[in-house]
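S.K.: any chance you can model this:
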Amino acid sequence: AFTICLKGQRSTVTITHFHPSKPRVMMGEFSDFLELYLQNFGFFDKLVWSLGILAVSFQVWAWWTSHTIKTSRGPAFDQRFQRLKLAARFAVLAIDGLPLIGLLGTIAALLLTFAGMTDGVALGEIIPKFAPGLTSTCSGLLWAVTNLFFFNVCLLPQLQRFSAIHDE
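M.R.: Okay, here's the model as predicted:
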C-alpha cells in the first residue's frame, strides 16, 4: 500500500499482485468494465460507433454484391470492381481515422476536466469528468480493429480475386 497526497487530501491505494495459482474471475471484472463504459458513453463514442458500423456495413455490402459475380469481365464486373475499390478506400480511412476520433474525444475530455478544476479539487471529482474520454479511445480502437478484421477477411480476398481477373 502507498499513500497519494493531493493538495492536503490523503488517499491510500493498495496494490494487489496476481498469483497464477489463484484463478481470477474475469466475468465480474468485464461486467464492471461494461457498466462503466456504458455509463460514460458520450458524444465521441456515438460518433465513432456510427462511423464504425457504417464502415463495416459498407464493406460487407461490397463483399456480398461482389461475391455473386461470375469471373467473366463485363460492365457488371467493372462496376463491382470499382465498388470494391471504393469500399477498400473507405475501410482504410475508417481503420486510420476511428482511433484518431477516439483520441480527439480523450483530448476534449482532458480539456473539459482541467478547465473545471479549482484549488482543492478532490480526486473523486476528476475521474468522472475524464471517464468519457477514455471510453471514446476504447471505442475508436474497438471499431478500428473490427474494420481491420472485416477488411482482411471479406474485402481483401475479393479485391485480390478481382484484380487477378482484371489483369488477365
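
S.K.: who does the longest helix seen in the chain touch, helix- and strand-wise?
M.R.: Taking DSSP state H as the criterion, the chain has its longest helix at helix 75-115. Applying 3 or more CB pairs under 8 Å, 6 or more residues apart in numbering; DSSP states H and E, we find helix 75-115 packed against helix 43-67, helix 123-150, helix 156-166. (Glycine included, C-beta is placed from N, CA and C.)

S.K.: how about a markdown table for those helices, with distance to residue 77 and mean neighbour count added?
M.R.: As requested, the helices and strands packed on helix 75-115 are exported to a markdown table (distance: least, CB to CB, whole Å; neighbours: other CB atoms under 10 Å):
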| stretch | distance to residue 77 | mean neighbour count |
| --- | --- | --- |
| helix 43-67 | 9 | 18 |
| helix 123-150 | 22 | 19 |
| helix 156-166 | 7 | 15 |
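
S.K.: including distance to residue 101, could those helices go into TSV?
M.R.: Listed next are these as TSV, based on distance: least, CB to CB, whole Å:
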stretch	distance to residue 101
helix 43-67	5
helix 123-150	6
helix 156-166	24
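
S.K.: any chance of those helices in CSV, plus mean pLDDT?
M.R.: Below are those laid out as CSV (pLDDT from 0 to 100):
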stretch, mean pLDDT
helix 43-67, 90
helix 123-150, 88
helix 156-166, 86
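
S.K.: so which of these is nearest residue 88?
M.R.: helix 156-166 (5.8 Å; CB to CB).

S.K.: just the residues contacting that closest one, thanks.
M.R.: Contacts of helix 156-166 with the rest of the structure, by CB atoms under 8 Å, 6 or more residues apart in numbering, involve 62, 63, 66, 67, 71, 73, 77, 80, 81, 84, 85, 88.
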